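Engineer: mind folding the following:
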Amino acid sequence: MLGQHLLKCVIMLGGALESVGAKWAIGGEAGELMSGVITEADKLEILTTREGCEEICNKMGQYVTLGPASVEKKLERDADVDGRMYHVFVKSHYAELTVKGVKVEIYGDEQLKVGDWDWGDPLDFEPVYSYIVGTRVPVVPLRLKSELDLGLGWLDRVEKISNAIKSAHHKF
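Structural biologist: You can find the predicted model right below:
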């Protein structure tokens, strides 16, 4: 379950960004938590388009701590592909907010690159919706997360997602 500080931030963002025209969704570990994955989160990540990053920053201007810009960074964890380790890079139109004391990272048109391979296409998905204290909040689907994690060889993460999906099916 989301910690109290993240929960308050998600509710606030869900209401404040309801009218955003671009596709956006909570991703990262907080998005996984909202979908039933047992993990920990200390920040929020929003996946959107380049235009969505700009629109969110314009709408949330008072909370912007790092304005939108094209950014490339190396992830802390390497990919394990066929038993070989490769650095993983992320490229996006990136911005940061601080909302209710919570760091919110915004990734517009996020692309991944493994090792010296070519950049992948910008991530695209149809969000699923979670209702948090009556607020409708879009979340990155677990299927996309699972496919990405499997491709990166992060089998521990795939197993956590699989367990959450199995658990959700047993509730019905």
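Engineer: how long is stretch 77-85 from one end to the other?
Structural biologist: By Cα to Cα, to the nearest Å, the extent of stretch 77-85 from end to end equals 10 Å.
Engineer: with stretch 20-32 instead?
Structural biologist: Using Cα to Cα, the span of stretch 20-32 from its first residue to its last is 22 Å.
Engineer: what does that stretch contact?
Structural biologist: 2, 6, 10, 13, 17, 34, 37, 39-41, 43-49, 51-52, 55-56, 59, 105, 107, 125, 127, 137-140, 142, 145, 160-161, 164 (Cβ atoms under 8 Å, 6 or more residues apart in numbering). All C-beta atoms are positioned from the backbone trio N, CA, C, and that covers glycine.
Engineer: next step: those residues restricted to strands.
Structural biologist: Judged by DSSP state E, those include 44-48, 105, 107, 137-139 as members of strands.
Engineer: grab the longest helix from this protein for me.
Structural biologist: Longest helix in the chain by number of residues, with DSSP state H as the criterion: helix 155-170.
Engineer: what's the neighbour count on residue 76?
Structural biologist: Neighbour count of residue 76, defined by other Cβ atoms under 10 Å: 6.
Engineer: residue 68 versus that one, what's the distance?
Structural biologist: Using Cβ to Cβ, to the nearest Å, we find residue 76 at a distance of 23 Å from residue 68.
Engineer: do the same with residue 144
Structural biologist: 23 Å.
Engineer: for this structure, what are the low-confidence residue spans?
Structural biologist: Across the chain, the ranges flagged by pLDDT under 70 are 169-172.
Engineer: nearest spatial neighbour of the spatially most central residue of the chain, skipping sequence neighbours?
Structural biologist: The C-alpha lying nearest the average C-alpha coordinate of the chain belongs to residue 27 (Cα atoms, centre = their mean; 2.0 Å). Among residues not flanking residue 27 along the chain, residue 140 sits closest, at 3.9 Å (Cβ to Cβ, 6 or more residues apart in numbering).
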